[in-house]
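> What follows is a predicted protein model with its sequence.
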Amino acid sequence: MSVRFESIPVLDVNINNIQVLWPSLMKAVESATFIAIDTELSGIGTRKTLMAKSVEDRYKGTAENAKTRSVVSLGLSCFKLTHVDVKPRTQTGNMSDDSFLEASPSSSCHTWNFLVQTYNIMALCQEEYVVEPSSLKFLVEHGFDFNKQYSCGVGYYRGNDKPNPTSSSMCLRSFFTVLVKSRKPVVFHNALTDLVYLYQNFYASLPPTMSSFIADLTEIFEGGVYDTKYITDYVHRMPASYLEYVFRKSQRDNTQRQSTERSSVTINILPYPPSETVNHCRCGLPPDSLQDKDPDQDTFQAIKDHICQGFAGHGWCSSGNRCNKSHDIDLILDVDHLVQTRKSRKRKRRNRNQNQEDGDSDESQEPASKQYTKDQFEEFLSKRLGDREICKAGCHRAGFDSFMTGFSFAVYISKYGSYNGSFCLDDCGMEAFKNNVYLSGKDMPLSIVKSTFSKTSKNHKEKIKKISEHVDNSEKF
């Protein structure tokens, strides 16, 4: 097991191999401590709908979009907590700038060890659906193969169950039933849209009101819903909260935490044999960075000018692959780190000057550092482009995105959670984050809690009854 990893294997599931992979998928779900989920969609509607001031209007607009759009791929990353190593800390210094975020600082550190299995299921809706040009462009730019989807996607239909289904028991709707029966905690990044689309596409027709939808979710996902975007924005407060940024920052933080003897995460990957089914997504940290450099003002401005500010702030750029600025997430993180370092230095100088004015003697001075020049930065860029193979096509997909979500959540467990001998997520000190979903533009999250005045929907009652009866009949044999 290792804190650092160079690539992650993602099993591509389609109609040709689902029967072969189904047993391993079932076992991964059954043994998981939590399951991270991500979807790729044929469209999400207009920004006006997604950002409606009223949360009820936001839900209704998203629900209408889900009835006419489809899920084109479903990503699942099953994280199984296998053991937790507890070691005494021997270091007291060299803490990073997030050390104050520890939930319960102690004299010992925990290494949370996870076994991870990740799947990317190619999905094909059997009914007519809308494909938005912007979504099509995004998917193609990131390596999505529409020819493969239409030739070997796993078929499904939306809404309520059909009276006489002709599809195999090894299908997406069957998998979603297995997920519901498992009662496992589920983890998303920006969960609301995913939850609405999963419900409509693989469970039942959506209820007309938000209150009924929330009431249904409390019974569908009994293990709880966790949202890494909520944790990032409302608790951890990173400079940005899009998934790639959160994942890469979590990777860096995790490596530093391990080196400074604080709680960290290691992952174990099954040794899959070479196969067309296994897609290895490269995601190793670069061997060098700008974090320990001290650029002069002109060089620092040149570094910032090299970066696409739109992508840096939101993880999206209207120019896509045609943008002449850098979308390198590691360079973006370097710049954010340098900005924070400069602010910290300025704050220390201000405090030192204030102490001197107050008559307090402070002979300590920051050691002078050799400043980083533009020529060195140009050399750094050429070396990084020459040494690194950045895998974009084929890796920004639902499967790998679900892994990024799950890993970020695992790192949050190591930061904010606690260990008392149990491997159950409910016993790991993450209660404060359970059933809180991020709402863009709102000061408060959406709570997945059934109101005293709300009722579950008719479609859900019928569906959950069928699932319960199936479980009861299975237990008799």
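Yep, it's here.

> Report the central residue of this protein.
T405 (2.0 Å; CA atoms, centre = their mean).

> That one: what's it in contact with?
36-38, 77, 187-189, 228, 243, 247 (CB atoms under 8 Å, 6 or more residues apart in numbering). Where C-beta positions appear, they are placed from N, C-alpha and C, glycine not excepted.

> ok, now S107?
Neighbours of S107 in contact, by CB under 8 Å, 6+ apart: 88-89.

> Per-residue pLDDT of it, please?
On pLDDT, S107 comes in at 70.

> any idea how far it lies from H327?
42 Å (CB to CB, to the nearest Å).

> same check, this time on Y197
Taking CB to CB, one finds Y197 at 26 Å from H327.

> Looking at these two, which one has more neighbours?
The neighbour count for Y197 versus H327, taken as other CB atoms under 10 Å, is higher for Y197 (25 against 21).

> Grab the nearest non-local neighbour of that one.
A66 (4.8 Å; CB to CB, 6 or more residues apart in numbering).

> Which other helices and strands does the one helix or strand the one you found maps to contact?
Following DSSP states H and E, one finds A66 within helix 55-68. The contact analysis (3 or more CB pairs under 8 Å, 6 or more residues apart in numbering; DSSP states H and E) places helix 55-68 against helix 47-50, helix 191-202, helix 210-220.

> now do 6 Å
helix 191-202 (3 or more CB pairs under 6 Å, 6 or more residues apart in numbering; DSSP states H and E).

> quick one: buried residues of the helix it packs on?
By 16 or more other CB atoms under 10 Å, the buried positions in helix 191-202 come out as 191-202.

> Show me the two of those that sit farthest apart.
Maximum pairwise distance among those (CB to CB): 16.4 Å, between L192 and F202.

> Beyond the lowest-mean-pLDDT helix or strand in the chain, next helix or strand please.
When the helices and strands of the chain are scored by mean pLDDT, DSSP states H and E, helix 374-387 comes last with a mean of 69. Where DSSP H and E defines the elements, the next helix or strand beyond helix 374-387 is helix 398-416.

> Can you give the strand pairings for the following helix or strand past that next one, parallel or anti for each?
For helix 398-416, the following helix or strand on the C-terminal side (DSSP H and E) is strand 436-437. Strand 436-437 pairs in its sheet with strand 446-447 (antiparallel), by DSSP bridges.

> From the chain's centroid, how far away is the strand it pairs with?
Remark: strand 446-447 is offset 18 Å from the chain centroid, using CA atoms, centre = their mean, to the nearest Å.

> can you list contacts of it?
437, 439 (CB atoms under 6 Å, 6 or more residues apart in numbering).

> Please apply the same query to stretch 184-195.
Contacts for stretch 184-195 (CB under 6 Å, 6+ apart): 32, 34-37, 39, 221, 223-229, 243, 405, 409, 425, 437-438.

> now L76, what's its secondary structure?
Under DSSP: H, G, I helix; E, B strand; the rest coil, L76 falls in the strand class.

> That one touches N120, doesn't it?
No - between L76 and N120 there is no contact, the gap being 8.2 Å when judged by CB atoms under 6 Å.

> Remind me what the longest helix seen in the chain packs against, helices and strands.
Criterion DSSP state H: the longest helix present in the chain is helix 329-357. Where contact means 3+ CB pairs under 6 Å, 6+ apart, helix 329-357 is packed against helix 243-259.

> buried stuff in the very next helix or strand once past the helix it packs on?
For helix 243-259, the following helix or strand on the C-terminal side (DSSP H and E) is strand 264-269. Residues of strand 264-269 classed as buried: 264-267, 269 (neighbour count, 16+ other CB under 10 Å).

> same question for the very next helix or strand once past strand 264-269, mean pLDDT?
Using DSSP H and E, the next helix or strand after strand 264-269 towards the C-terminus is strand 278-282. Averaged across strand 278-282, the pLDDT comes to 92.

> Neighbouring strands - and their directions - for strand 278-282?
strand 7-13 (antiparallel).

> contact partners of the following helix or strand past the strand it pairs with?
Per DSSP H and E, strand 7-13 leads on to helix 18-31 as the next helix or strand towards the C-terminus. For helix 18-31, contacts defined as CB under 6 Å, 6+ apart pick out 13, 78, 80, 117, 154, 170, 182.

> circling back to that earlier point, buried sites along the longest helix of the chain?
Judged by neighbour count (16+ other CB under 10 Å), helix 329-357 contains these buried residues: 329-338.

> tally of neighbours for E127?
Here the number of neighbours of E127 (other CB under 10 Å) works out to 10.

> ok, Y199 to S468 distance?
Where S468 is concerned, Y199 sits at a distance of 18 Å (CB to CB).

> If you could redo that for K374, that was the one I meant.
Separation of K374 from S468 (CB to CB) stands at 67 Å.

> more crowded one of those two?
K374 (15 against 12).

> Spatially nearest residue to T218 (excluding sequence neighbours)?
With sequence-adjacent residues excluded and distances taken as CB to CB, 6+ apart, T218 is closest to K450, at 4.7 Å.

> my read: that neighbour touches E219, true?
No - at 8.2 Å, K450 does not count as touching E219 under the criterion of CB under 6 Å.

> what helix or strand does the residue nearest to I332 when sequence neighbours are not counted sit in?
Once flanking residues are discounted, I332 sits nearest to A312: 4.6 Å by CB to CB, 6+ apart. Using DSSP H and E, A312 falls within helix 309-314.

> Output that helix as PDB - backbone C-alpha positions only.
What follows is helix 309-314, C-alpha atoms only, in PDB (Å, rounded to 0.1, in the frame of the first residue of the first chain):
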ATOM      1  CA  GLN A 309      -8.000  32.000 -15.000                       C
ATOM      2  CA  GLY A 310     -11.400  30.800 -16.100                       C
ATOM      3  CA  PHE A 311     -10.400  27.100 -15.800                       C
ATOM      4  CA  ALA A 312      -8.400  27.800 -12.600                       C
ATOM      5  CA  GLY A 313     -11.400  29.200 -10.900                       C
ATOM      6  CA  HIS A 314     -14.200  26.900 -12.100                       C
END
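
> Okay, buried residues for stretch 292-310 please.
So for stretch 292-310, counting by 16+ other CB under 10 Å, buried means 293-295, 299-300, 303-304, 307-308.

> Identify the residues contacting it?
Against stretch 292-310 from outside (CB under 6 Å, 6+ apart): 317, 323, 325-327, 332, 335, 369, 371-374, 377.

> For it, measure first residue to last.
End-to-end distance for stretch 292-310: 25 Å, by CA to CA, to the nearest Å.

> Likewise for stretch 119-131?
End-to-end distance for stretch 119-131, by CA to CA: 24 Å.

> Check the spacing between K60 and D216 real quick.
15 Å.

> More neighbours: which of those two?
Ranked by neighbour count (other CB under 10 Å), K60 and D216 place D216 first, with 27 against 18.

> isn't that one right up against N459?
No - contact status for D216 versus N459: not in contact, 8.4 Å apart, counting by CB under 6 Å.

> so where's the stretch 51-200 of the chain shaky on pLDDT?
The stretch 51-200 of the chain contains residues with pLDDT under 70 at 91-106, 164-168.

> Spell out, range by range, the strands that occur in it.
Under the criterion DSSP state E, counting those that start in this stretch, strands of the stretch 51-200 of the chain are mapped to 71-88, 108-125, 154-156, 186-188.
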